[in-house]
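*Asks:* Everything below, folded, please.
(one chain, ligands or ions: 2)
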Amino acid sequence: MGSAALRCFCCGCLFTSVTWTLLLFIYFNFSEESQGFRHVPIKGHEPYKPFPKKVHPRDSAGLPDGPRSGNVGNSLGNHVGVPAETNADLSPEMGMIFNERDQDVRDVGYQKHAFNMLISNRLGYHREVPDTRDPKCAKKTYPAGLPLASIVICFYNEAFSALMRTVHSVLDRTAPHLLQEIVLVDDNSELDDLKKRLDDYIQENLPKKVTLVRNKQREGLIRGRMIGASHATGEVLVFLDSHCEVNEMWLQPLLAPIKDNRKTVVCPVIDIISADTLIYTSSPVVRGGFNWGLHFKWDPVPLSELGGPEGSTAPFRSPTMAGGLFAMDREYFNTLGQYDGGMDIWGGENLEISFRIWMCGGSLLIIPCSRVGHIFRKRRPYGSPGGHDTMAHNSLRLAHVWMDEYKEQYFALRPELRNRNYGDINERLSLRNRLNCKSFKWYLDNIYPEMQISGPNAKAQPPVFVNRGPKRPKILQRGRLINLQTNRCLSAQSHPSHKGGLVVAKECDFNDSDQIWSYNEEHELILSNLLCLDMSETRSSDPPRLMKCHGSGGSQQWVLGKNNRLYQVSVGQCMKLVDPLSHKGYVSMAICDGSPSQQWHLDN
Ligand code: UD2
Ligand code: MN
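*Replies:* Ligands and ions are numbered 1, 2, ... in the order given. Coordinates of the predicted model:
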């Protein structure tokens, strides 16, 4: 008996210690890189997993299947019945490059799409996005009998994964009874992916509600949307760019004001999907304006617009729209003159339709409770067929049709355009006449008085659409950044205040405060409290440099990760010491291979 009890006790001890060892092992391994990006919808503290290869059973509605990442929103209760998952697999290291194929996908992606296609592909076609709405929005109710929506998505050379995430986000997060159809318009794309592969995918994986129209020639997004609208049959048209992800309950808040008044045109708040990390973050609630160069800009919302009983969740008036994301009664779109079909490829149509809406008896609202994410890129990755400046051409047309004497403000800034040909605008002028539209002065006086106060020569307002608030990001760690192979310290080649200067691994000097780096919650590495360690986004062959901290992530985001690697988010590579034997101490970015030259430690 006694020996059996002893054996039992020993077994118990053994079992307990094995369990604890296992738990501790799991904890230390999995929590190593869990400092978590701010705003990153990471729920579990898992190490980087190259790919979520989760396949979901089809739901009973025969809706699509495909690679998924994270939860599929299911809050409406009555839409796609996909089982919810608990992990949103979006790690800051999602863009890590493991081999040449990854490098290729990333580089081709930046070149053709100006965003990180490696991450986009890895994310798959479904993912959960953070619910960025004001919590008060969830308590709102919407009337029954809302009009049905046709979603029109026009695309030119879009990345397949981004296009599919746009489509699936709509299918996953829209109440089916409000969705008439999704009309995809291929604006004569050249990419192979968008040919047979797209036909097959639609045929095999998407419901019949999704249709594809192919333009025989490149039309540009303006005529492209008109073509899409002509195929639509729903009562309301909803336009989206081809790299969007809609958020929870996005559609009802857009449809309700249109049901109330058919001449109301509405825009969701456009959340930011980072072009470098694909991380989805909330946007501040701002409204649309413009400057005399006829560029769209974001303005703060005047308090007078937010004064109602619903406060910051009530729709408010906006002088202009950004252009890509809005909903409008289909008949009203037609009677209001659709778009100016003489406008080409890209630009200006957003101001044109905004002026037309206000001047011809409609209204334009932003709906804070409707949120849709959009990949904002730093450059447009495509040109126009003849290499023309279509923004100038389109702006000229809108100035001549809608701006009356105020077009002089535009010419004052762009004198070279005064005699430029802009085609025939007679049809648009007679439209203005027929609709009995008001003057541009009326528009300025009543809808955008801020414009006159600022005047043509006033100083430009600072942009409101920034990622960083006035608060400085919190410092997480401070110390020397030591290369473990050589025990040298990463330092400025010349001086830490030298903008554009290189960083090199030097002998550590423990009296030298110029070798101290701060690592903050925005994942910036700041040397001597002065400049940020920065990687140019498109050329990973360039060495890292010290630049002014810009606070918008991407090229200045670093992860001090597993195996002592120092991973750069926007290039997807790790920092390495070029030659451990050379006293020059040059560093460069390279495919992350965990070798000793790639190991760094931030020593407190
Ligand atoms: C913004 C708008 C965009 C449009 C533009 C001004 C947002 C979020 N985006 O620029 O919708 O109003 O300002 O014109 O407000 N496309 C074509 N054919 C072309 C060129 C583009 O179909 O020849 C598609 C493109 O694939 C995309 C959409 O048009 O889906 C908008 O183009 P963008 O994303 O390059 O424009 P963006 O967001 O810089
Ligand atoms: Mn866009």
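
*Asks:* which residues does residue 132 contact?
*Replies:* With CB atoms under 8 Å, 6 or more residues apart in numbering as the criterion, the residues that contact residue 132 are 247, 269, 271, 280, 281, 282, 283, 371. For glycine as for every other residue, the C-beta is placed from the backbone atoms N, C-alpha and C.

*Asks:* out of those residues, who's nearest residue 313?
*Replies:* For residue 313, the nearest member of the contacts of residue 132 is residue 269. The distance, counting by CB to CB, is 10.8 Å.

*Asks:* Backbone torsions only: list them for that closest one.
*Replies:* The phi and psi torsions at residue 269 (degrees, to the nearest 10) take the values phi -70, psi 130.

*Asks:* What pLDDT is listed against the residue nearest to it when sequence neighbours are not counted?
*Replies:* Taking CB to CB, 6 or more residues apart in numbering as the measure, residue 269 lies nearest to residue 371, with 5.0 Å between them; neighbours along the chain are not counted. Turning to residue 371, the model gives it a pLDDT of 98.

*Asks:* Show me what the residue of the stretch 351-500 of the chain found nearest ligand 1 bridges to in the sheet.
*Replies:* Checking the stretch 351-500 of the chain residue by residue against ligand 1 with CB to the nearest ligand atom singles out residue 374 as nearest, at 4.4 Å. Using DSSP bridges, the beta-bridge partners of residue 374 come out as residue 244, residue 272.

*Asks:* show me the contacts for residue 167.
*Replies:* Residue 167 is in contact with 125, 153, 182, 184, 206, 210, counting by CB under 8 Å, 6+ apart.

*Asks:* could you flag which of those are buried?
*Replies:* Buried members of the contacts of residue 167, scored by 16 or more other CB atoms under 10 Å, are 125, 153, 182, 184, 206, 210.

*Asks:* hang on, the earlier thing: number of residues surrounding the residue nearest to residue 269?
*Replies:* 28 (other CB atoms under 10 Å).

*Asks:* Pull out the buried positions in stretch 216-227.
*Replies:* Taking 16+ other CB under 10 Å as the neighbour-count basis, stretch 216-227 is seen to contain the buried residues 218, 219, 220, 221, 222, 223, 224, 225, 226, 227.

*Asks:* before we move on, what about stretch 255-267?
*Replies:* Going by neighbour count (16+ other CB under 10 Å), the buried part of stretch 255-267 is 255, 256, 257, 258, 259, 262, 264, 265, 266, 267.

*Asks:* export these to TSV and tack on pLDDT?
*Replies:* Formatted as TSV, these follow (pLDDT from 0 to 100):
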residue	pLDDT
255	98
256	98
257	98
258	98
259	98
262	98
264	98
265	98
266	98
267	98
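
*Asks:* So which of those residues are in strands?
*Replies:* In strands, defined here by DSSP state E, the members of those are 264, 265, 266, 267.

*Asks:* For burial, what's the neighbour tally of the closest residue to residue 299 other than its chain neighbours?
*Replies:* Excluding its sequence neighbours, the residue lying closest to residue 299 (CB to CB, 6+ apart) is residue 289, at 4.1 Å. Other residues lying near residue 289 total 22 when counted by other CB under 10 Å.
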